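Student: give me a model of this one.
(one chain, ligands or ions: 1)
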Amino acid sequence: MKNIEKLSNSFQKCILIQNPKNRRYLSGFSSSDGMLLIADKPYLILDFRYVGAARIKKSQGIIPDNIEIIMPQKSFIDQVRDILESKGIDTLFFEDDYLSFREYSRLKEKLAPIQLLPLGNAVNELRKIKSPAELEKIKSAQKITDLAFEHILNFINPDSTETEIAAELEHFMALRGACPAFDTICVSGIKSSLPHGVPENIRLTNNSFLTMDFGACVDGYCSDMTRTVVIGKADSKMKEIYNIVLKAQSAAFSIIKGGIDGKVCDSAARDVIYNAGYQGCFGHSLGHSLGLDIHESPNFSPSNPSPVPSGCVLSVEPGIYIDGLYGVRIEDIVYLTDDGFINLTKSTKELIEI
Ligand SMILES: [Mn+2]
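Tutor: The predicted model follows:
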């Protein structure tokens with residue numbers, strides 16, 4: 001079933017979709033601007049820059065047949081109002097997690113007296129569960145990410161800078177048709193204790209950790225991976241920390257399957273880290289969903305008591321960050337199944353010394 005039919009079946013109301021990721025998910029068409037109005041039927045409202053491309057995508061069957069493509073004479077909102085008025089529709093659901101207050105106010109003013117109501121999670125609920133085609137795109141993205149890691153191990157030398165390594169990762173992925181799924185993290189030495197540190201034009205720290213967190217985006221779908229390697233030699237404390245993080249990830253893997261509660265999975269990994277004496281050193285959640293966005297719901301986190309269903313793709317990324325010293329994070333992405341999971345990340349997790 002097409003995504004737009006799934007939404008029409010689960011939420012039988014008139015809906016305005018403005019979030020570009022949601023528009024893409026439902027219409028099959030990607031554009032920086034535009035509106036998707038689901039009324040008596042779906043209307044994809046696009047300006048001159050996109051309407052020609054959209055007609056081609058429709059002829060190729062990428063945009064579902066029942067979606068009418070419209071280029072408005074006036075504004076997008078005027079077009080929406082004209083359709084709603086001509087169909088006698090008096091209530092419209094909008095994306096309350098996307099519109100700014102200013103955009104909402106303008107919509108309300110221009111559409112009055114049509115009533116606006118919040119859409120809530122109807123689209124997010126659908127996007128949680130990845131279709132086989134979506135899973136293939138995430139796998140392709142992760143494959144390029146794995147290849148980039150293999151490549152970078154040969155590229156890194158003690159004279160490299162953080163920015164050189166980050167740029168090389170992104171360049172490698174770009175040559176394979178992928179853009180970065182998010183700002184590449186590449187942090188060395190003390191900076192590896194910053195979970196989301198930013199790469200700088202500084203040389204690597206010898207006998208310390210280098211953490212690289214990066215991902216490719218292929219055909220709109222993201223991957224995400226973190227590997228921590230050692231520049232020079234690891235001392236016994238570094239080896240100990242690395243192995244605890246690896247053990248924490250394994251503990252989560254030992255219980256992950258479709259239907260596991262988000263916080264149960266998180267605490268399986270967190271307990272390993274805290275019981276080893278590193279309370280306070282793992283200050284983020286174990287994992288997040290990903291797909292068209294790099295961060296989606298549901299999560300493996302202490303604040304998610306709900307089951308995470310089969311068909312979701314999430315990261316599993318425990319870490320230990322020691323303030324002023326260094327840090328380690330290891331991140332794979334997994335596809336949840338009824339009896340377990342498929343690990344989409346193939347890169348080695350042996351402790352590598354460069
Ligand atoms: Mn991640």
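Student: the helix or strand of the chain with the lowest mean pLDDT packs against which elements?
Tutor: When the helices and strands of the chain are compared on mean pLDDT, DSSP states H and E, helix 3-10 comes out lowest with a mean of 92. In terms of contacts (3 or more Cβ pairs under 8 Å, 6 or more residues apart in numbering; DSSP states H and E), helix 3-10 is packed against helix 20-27, strand 35-38, helix 122-128. In short, each C-beta sits where N, CA and C put it, glycine included.
Student: K247: which of those is closest?
Tutor: helix 122-128 (28.8 Å; Cβ to Cβ).
Student: show me what the next helix or strand after the closest one is packed against.
Tutor: For helix 122-128, the following helix or strand on the C-terminal side (DSSP states H and E) is helix 132-155. Helix 132-155 sits against helix 162-175, strand 208-214, strand 216-218, strand 221-222, strand 225-231, strand 332-337, with contacts defined as 3+ Cβ pairs under 8 Å, 6+ apart.
Student: which residues of the stretch 251-354 of the chain lie near the ion?
Tutor: Listed as neighbours of the ion in the stretch 251-354 of the chain under the rule Cβ under 5 Å from the ion: S315.
Student: helices of the stretch 251-354 of the chain, residue ranges please.
Tutor: Assigned by DSSP state H, counting those that start in this stretch, the stretch 251-354 of the chain shows helices spanning 262-275.
Student: where does it get nearest to the ion, which residue?
Tutor: Minimum separation of the stretch 251-354 of the chain from the ion (Cβ to the ion) falls at S315, amounting to 4.1 Å.
Student: what stretches of this structure score poorly on pLDDT?
Tutor: Of all residues in the chain, none has pLDDT under 70.
Student: residues in it within reach of the ion, list them.
Tutor: Residues of the chain lying near the ion (Cβ under 5 Å from the ion): 224, 315.
Student: follow-up on the earlier one: what is the neighbour count of the residue nearest to the residue of the stretch 251-354 of the chain closest to the ion when sequence neighbours are not counted?
Tutor: Leaving aside its sequence neighbours, S315 sits nearest to G287 (Cβ to Cβ, 6 or more residues apart in numbering; 4.2 Å). The number of residues packed around G287, counting by other Cβ atoms under 10 Å, is 29.
Student: pull the contacting residues for G287.
Tutor: By Cβ atoms under 8 Å, 6 or more residues apart in numbering, the contact set of G287 is 252, 265-266, 299-301, 314-317.
Student: let me see the contact set for the most centrally placed residue in the chain.
Tutor: Geometric centre of the chain, nearest residue: I294, 1.7 Å, by Cα atoms, centre = their mean. Contact analysis of I294 by Cβ under 8 Å, 6+ apart lists 181-182, 215, 222, 224.
Student: run the last query once more with 10 Å
Tutor: 180-183, 215, 217, 222-224, 288, 315 (Cβ atoms under 10 Å, 6 or more residues apart in numbering).
Student: which of these tops the neighbour count?
Tutor: S223 (30 neighbours).
Student: if I look at G52, how far off is K41?
Tutor: 22 Å (Cβ to Cβ, to the nearest Å).
Student: sorry, back to before: got a list of contacts for the least confident helix or strand of the chain?
Tutor: Contacts for helix 3-10 (Cβ under 10 Å, 6+ apart): 1-2, 13, 15, 17, 22, 24-28, 36, 38, 41-42, 44, 63-64, 66-67, 119, 122-123, 125-127, 129, 131, 134.
Student: whichever of those residues end up buried, select them in PyMOL.
Tutor: Buried residues within the contacts of helix 3-10, by 16 or more other Cβ atoms under 10 Å, are selected in PyMOL with:
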select buried, resi 2+15+17+22+24+25+26+27+28+36+38+42+44+63+64+67+119+122+123+126+127+134
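Student: now, the contacts of G287 that are in strands?
Tutor: Secondary structure defined by DSSP state E assigns 299-300, 314-316 of those to strands.
Student: how about the residue in the stretch 51-200 of the chain that the ion sits nearest to, nearest residue that isn't a chain neighbour?
Tutor: For the stretch 51-200 of the chain and the ion, the shortest gap (Cβ to the ion) falls at F182, measuring 8.2 Å. Nearest non-adjacent residue to F182, counting by Cβ to Cβ, 6+ apart: I294, 4.7 Å away.
Student: got phi/psi on the one you found?
Tutor: phi -70, psi -30 (degrees, to the nearest 10).
Student: quick one on the thing from earlier: what angle do the least confident helix or strand of the chain and helix 132-155 make?
Tutor: Here helix 3-10 points in a direction 130 degrees away from that of helix 132-155 (axes from the mean of the first three to the mean of the last three Cα atoms, to 10 degrees).
Student: can you name the element that comes right after helix 3-10?
Tutor: Following helix 3-10 in sequence order, the next helix or strand is strand 15-17 (DSSP H and E).
Student: in its sheet, what does that following strand sit against?
Tutor: Partners of strand 15-17 in the sheet, by DSSP bridges, are strand 35-38 (antiparallel), strand 91-94 (parallel).
Student: what's next to it, contact-wise?
Tutor: Strand 15-17 is contacted by residues 4, 7-8, 22-27, 34-39, 42, 44-45, 76-77, 80, 84, 92-95, 98-99, 107, 111, 116-117, 119, 122-123 when judged by Cβ under 10 Å, 6+ apart.
Student: ok now it, how far from the chain's centre?
Tutor: Put simply, strand 15-17 sits 22 Å off its chain's centre (Cα atoms, centre = their mean, to the nearest Å).
Student: since that was my last question, I'll sign off now.
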